[in-house]
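1. just coords:
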Ligand SMILES: [Zn+2]
């Protein structure tokens, strides 16, 4: 699903990977296929987004060593090394929590 909004008269999309402010409308949309914002959470800390938060889409598909793909990040977790931290998080999940993650190996 491609989420679009109008900003400054131009058609904008969250997939531009620029930070945006979460609105009431955002939290009810089907992010990652989860109805009513069920999966609209930070891909690193798990924060469930609420109106007024800053949020950013991070493109990870086709990234070597990444198995879980694209995700959203909160402002607190975001940074220039976010992809590296996400990969480390994935590796920890797959090794330390292997029993819970075995269907995603
Ligand atoms: Zn976070």
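-> Nice, thanks for sending it over. Quantities reported herein were computed from a predicted structural model and do not represent experimental measurements. Numbers count the residues shown, from 1 in each chain.

2. how close does residue 48 sit to the ion?
-> Using CB to the ion, to the nearest Å, one gets 10 Å for the distance from residue 48 to the ion. Where you see a C-beta, it was placed from the backbone N, CA and C, and this is true even at glycine.

3. I'd like the numbering to begin with 45 instead of 1 from here.
-> Taking 45 as the first residue, the last one we looked at is residue 92.

4. Next up, the contacts around the residue lying closest to that residue once chain neighbours are set aside.
-> In space, and not counting its chain neighbours, residue 92 is closest to residue 85: 5.0 Å by CB to CB, 6 or more residues apart in numbering. Residues in contact with residue 85, defined by CB atoms under 8 Å, 6 or more residues apart in numbering, are 91, 92, 93, 116.

5. ok, now how distant is the closest residue in space to the first one that isn't next to it in sequence from the ion?
-> Using CB to CB, 6+ apart and skipping residues adjacent in sequence, the residue nearest residue 91 is residue 118, 4.6 Å away. To the ion, residue 118 is 3 Å away according to CB to the ion.

6. contacting residues for residue 118?
-> Counting by CB under 8 Å, 6+ apart, residue 118 has contacts 86, 88, 89, 91, 93, 97, 98, 99.

7. Geometric centre of this structure: which residue is closest?
-> For the chain, residue 116 is the residue whose C-alpha lies nearest the centre (CA atoms, centre = their mean; 1.5 Å).

8. That one pairs with what?
-> residue 86, residue 101 (DSSP bridges).

9. That one contacts residue 75, correct?
-> Yes. Shown here, residue 116 and residue 75 form a contact pair, counting by CB atoms under 8 Å, at 7.0 Å.

10. wait, doesn't residue 120 sit right on residue 97?
-> No. Contact criterion CB under 8 Å: residue 120 and residue 97 do not qualify, at 9.6 Å.
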